[in-house]
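1. Return a 3D structure for these sequence lines:
(one chain, ligands or ions: 2)
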Amino acid sequence: MTTATKTKPAFSPDQVSVVFVLGGPGAGKGTQCEKLVKDYSFVHLAAGDLLRAEQNREGSEFGELIKNYIKEGLIVPQEITLALLRNAISENVKNNRHKFLIDGFPRKMDQAISFERDIVECKFILFFDCPEDVMLQRLLERGKTSGRSDDNIESIKKRFKTFKDTSMPVIEYFETKSNVVRIRCDKPVDEVYKDVQAAIRDRL
Ligand code: ADP
Ligand code: AMP
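-> Ligands and ions are numbered 1, 2, ... in the order given. Here you go, the predicted model:
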């Protein structure tokens, strides 16, 4: 008989505090995270930013793959995204930074399970709930200056489909564990932020 070895996460929730920030494309995750970073001592790690940096890193073996997945609005394989996050968290911990907002992650169930099994359990989830028509307008507006390959109508439609089919089930999974704070974000930035601050105050 073989005995399965149960691996422990790299960090305990006492050592490393993680808040997942989820929501559809253009819901305002990055905007709210930026405000939280200014007011609290969070490190903001956006999965999309880490992937774009890896895509542009000279010599990256994953550059072409990431480029195609992003354009198609698809979930980049978890091995890549998890390794980037793990490295970023470890580097920050070495520098005594222990509070993280992890934005745009997990977007698929395998990522959620692997992250909590191997890295650390999250404290709670901030879920930015936004109607699709509002997100569409925001992304089209952002696309005028963002220079992003996926802020165009074809890619946006694909990203919405991926969000509905693959990422919403992750939020529903965490809702069964009662650690999701749902925040409506079809309101001005500062009004959304008031709700975010209230959620943080109650939970950290
Ligand atoms: P995400 O990180 O969820 O993709 P962003 O934070 O980049 O979204 O926001 C998408 C766009 O919408 C940006 O151009 C941002 O300035 C704008 N935006 C974000 N939140 C709001 C809001 N509450 N009201 C109006 N515009 C917003
Ligand atoms: P974002 O910057 O959050 O809008 O993400 C842009 C794109 O990066 C997504 O449409 C995906 O192709 C990819 N991406 C972002 N986060 C993840 C993730 N957690 N897992 C896999 N791919 C991701």
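2. interface residues of this protein facing ligand 2?
-> Residues of the chain lying near ligand 2 by CB under 6 Å from any ligand atom: 25, 47-48, 51, 69-70, 73-76, 81, 104-107, 111, 150, 159. C-beta coordinates here come from the backbone N, C-alpha and C atoms, glycine included.
3. 8 Å instead, please
-> Residues of the chain found near ligand 2 (CB under 8 Å from any ligand atom) are 25-26, 29-30, 46-49, 51-52, 66, 69-70, 72-78, 80-81, 103-108, 111, 148, 150, 155, 159, 162.
4. In strands only, show me the residues you listed.
-> 46, 103 (DSSP state E).
5. Got a PyMOL select line for the buried ones in the residues of the chain next to ligand 2?
-> To isolate the buried subset of the residues of the chain next to ligand 2 in PyMOL, counting by 16 or more other CB atoms under 10 Å, use the following:
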select buried, resi 25+26+29+30+46+47+48+51+52+66+69+70+73+75+76+78+80+81+103+104+105+106+107+108+111+150+155+159+162
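6. what does the strand or helix carrying residue 172 contact?
-> Here residue 172, judged by DSSP states H and E, is contained in helix 168-176. The contact list for helix 168-176, computed with CB atoms under 8 Å, 6 or more residues apart in numbering, reads 20, 22, 106, 107, 108, 109, 111, 112, 125, 127, 180.
7. what's the longest helix in the chain?
-> helix 78-94 (DSSP state H).
8. And it, what does it pack against?
-> strand 43-46, helix 47-56, strand 99-103, helix 109-118 (3 or more CB pairs under 8 Å, 6 or more residues apart in numbering; DSSP states H and E).
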